[in-house]
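[1] Predicted model and sequence below, questions to follow.
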Amino acid sequence: MHALKNRVVAAERMAALGEMAARVAHEIRNPLVSVGGFARRLEKKLSGNLRDYANIIVDEVSRLEDILKDILGFVRATKITKKKININEIVDSTINFITHETLERGNVLVKDLLPAPIIATIDPQRIKEAILNVIANANQATDHGVVTVKTKQEGKEAVIEVADTGCGIKQDDLKNIFNPFFTTRPHGTGLGLAITHRIIEEHSGRITVESIWGGERDIDEKGVLSGTGGTTFRIYLPLDEN
Ligand SMILES: Nc1ncnc2c1ncn2[C@@H]1O[C@H](COP(=O)(O)OP(=O)(O)O)[C@@H](O)[C@H]1O
Ligand SMILES: [Mg+2]
């Protein structure tokens, strides 16, 4: 009985904290938008050192905006709107969105989608967000390596697999990566995988991770991975019946 009461109290406290975090994030966002806007105008007018300073303000403001976006995305209860759709289409448009950043970091993105459509009832926006988070992490963990995005069908589930040849995840960290605010990156928020996990749960799916830290991983010109290092995330979503 006590345990249950403690859990209710803890849940209420979390909800209150979440609400406060959402309010703080929201209040900070508006003035930040004007700081960013004016800094961008200054950047255009100035030259030399002063221009560099304005540029730093612009960059730091956009970093803060990203953090606020993550926090709001995590604490806000979002409404999900599901529709029947081809998972390949969702993955494809998500990849098109990220290609530029991927190439910029010297990484290669390999796309390996099942030729046949994989039909499921999902919220396209939310699933895109989940895939984007996982691909962004793979990209950030990898330097001049390969990120492979694959779709397949296993039994009654659609599988979206994101594999990278990056640094891998330490055994001790694996149990924490889905916890909010757990991050090993200097500018990380630790919210990406927590949000992703929530999205997958909202779809009655599951997400798994396999990782070898500090190993070696290779990839041939056909995009086939070999070796031991790197990380593979798999998102499983229930397929439509029939
Ligand atoms: N593909 C990956 N390779 C290596 N580490 C990863 C990978 N994906 C996630 N991680 C680890 O999980 C942590 C949490 O990820 P995430 O929740 O997205 O937060 P953030 O990206 O802000 O750090 C990362 O800081 C990193 O330590
Ligand atoms: Mg992340």
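    Received it, and whenever you're ready, just let me know what you need. Ligands and ions are numbered 1, 2, ... in the order given.
[2] quick one: contacts for residue 132?
    By Cβ atoms under 8 Å, 6 or more residues apart in numbering, the contact set of residue 132 is 94, 97-98. Where you see a C-beta, it was placed from the backbone N, CA and C, and this is true even at glycine.
[3] To which secondary structure element is it assigned?
    For residue 132, the element it lies in under DSSP states H and E is helix 124-141.
[4] what residues go with each domain of the chain?
    2-75, 83-238 (automatic domain parsing).
[5] Export these as JSON lines, with columns for mean pLDDT.
    What follows is the domains of the chain, written out as JSON lines (pLDDT from 0 to 100):
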{"stretch": "domain 2-75", "mean pLDDT": "87"}
{"stretch": "domain 83-238", "mean pLDDT": "89"}
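[6] give me the number of residues near the residue in the chain that ligand 2 sits nearest to?
    Relative to ligand 2, the nearest point of the chain is residue 192 (2.9 Å; Cβ to the ion). Neighbour count for residue 192, taken as other Cβ atoms under 10 Å: 25.
[7] still on that earlier bit, of the domains of the chain, flag the one that's most buried.
    Highest mean neighbour count among those (mean count of other Cβ atoms under 10 Å): domain 83-238, with a mean of 17.
[8] Say whether ligand 1 is contacted by it.
    Yes. Residues of domain 83-238 contacting ligand 1 under Cβ under 6 Å from any ligand atom: 133, 137-138, 141, 164, 166-169, 173, 177, 182-185, 188-194, 231.
[9] okay, the helix holding residue 132 in CSV with CA atoms only?
    The C-alpha trace of helix 124-141 is given here as CSV (Å, rounded to 0.1, in the frame of the first residue of the first chain):
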residue,chain,number,x,y,z
PRO,A,124,3.9,9.7,-39.6
GLN,A,125,5.3,12.9,-37.9
ARG,A,126,6.1,11.2,-34.7
ILE,A,127,7.7,8.2,-36.3
LYS,A,128,9.8,10.5,-38.5
GLU,A,129,10.9,12.2,-35.3
ALA,A,130,11.9,8.9,-33.8
ILE,A,131,13.9,7.8,-36.8
LEU,A,132,15.5,11.2,-37.1
ASN,A,133,16.7,11.0,-33.5
VAL,A,134,18.3,7.6,-34.0
ILE,A,135,19.9,8.6,-37.3
ALA,A,136,21.2,11.8,-35.7
ASN,A,137,22.8,9.8,-32.9
ALA,A,138,24.4,7.4,-35.3
ASN,A,139,25.8,10.3,-37.3
GLN,A,140,27.1,12.0,-34.3
ALA,A,141,28.9,8.9,-33.0
